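Chemist: got a predicted structure plus its sequence, pasted below:
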Amino acid sequence: MKAPTRIQAFVNSVLPAPGSVRHSLAVLGTVAVAAEVLLVLADGAAAAATGLALITAVALALGRYAAGGAAQDSGHRRPVRLLGSRAPALGGWQRIVARTLADDSEVHLRTVMRPQLQRLFAARLAERHGVAMYRNPQRARALVGAELWPWIDPEATAPQPTLPEPVLRSLLDRLEAL
């Protein structure tokens, strides 16, 4: 294969690469000029003015679309939520534990504390042991322990309506040990 001549090198440096934004805009501009020339020749100045207004509006919309196509998000998509809720900070955990250990904590245990514990155990089991707690509950039960498993079992309700403090301590100790 022979090396490109100086003229070919110049043409390649001036013309935009196919698929680029510049190339798309150059093609659209060429089509717009050709359409305007055809309107002038076919229908006169009034049609040419209307065509120019329409081409300008379409060119601006397509140019904006092509220029924004390289943007990562453009702010048009909803933010992706990886978790069902935000993870509580340390102060949030203090409130969660306090409400769980309170006398009227039945609803709080079922709706807040137990799902948080299940999420933490699922993450730890997956991260450290490669066990998906929801897909392989038998293996997860063996790792967590039969005495603590009923408190975080995703397929059953909690064994008691309230969570005793010694059980919570045991769950957190086991979570750290995993």
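Modeler: Looks like it came in fine.
Chemist: quick one: low-confidence ranges for this protein?
Modeler: 1-4, 7-17, 21, 63, 66-105 (pLDDT under 70).
Chemist: if we use 90, what do you get?
Modeler: Judged by pLDDT under 90, the chain has its weakly predicted residues at 1-137, 140-178.
Chemist: tally of neighbours for residue 162?
Modeler: Under the neighbour criterion other CB atoms under 10 Å, residue 162 is assigned a count of 16. For glycine as for every other residue, the C-beta is placed from the backbone atoms N, C-alpha and C.
Chemist: what's it sitting at in phi/psi?
Modeler: Here is the backbone geometry of residue 162 (degrees, to the nearest 10): phi -120, psi 160.
Chemist: surely it touches residue 108?
Modeler: No: if you go by CB atoms under 8 Å, residue 162 and residue 108 don't touch, sitting 9.3 Å apart.
Chemist: for the protein, which segments count as helices?
Modeler: Secondary structure of the chain, counting by DSSP state H: helices at 6-14, 21-43, 45-68, 90-101, 106-108, 114-129, 137-144, 149-152, 165-177.
Chemist: so of these, which one's packed in deepest?
Modeler: A comparison of the helices of the chain by mean neighbour count, using mean count of other CB atoms under 10 Å, puts helix 149-152 on top with a mean of 20.
Chemist: what's in contact with that one?
Modeler: For helix 149-152, the external contacting residues (CB atoms under 8 Å, 6 or more residues apart in numbering) are 114, 117-118, 121, 140-141, 144, 156, 158-159, 163, 167, 171.
Chemist: I'd like those residues as CSV, with distance to residue 5 appended.
Modeler: Rendered in CSV, the data for the contacts of helix 149-152 read as follows (distance: CB to CB, whole Å):
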residue, distance to residue 5
114, 75
117, 73
118, 70
121, 69
140, 69
141, 75
144, 73
156, 78
158, 80
159, 84
163, 81
167, 83
171, 76
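Chemist: sweet, I'm off.
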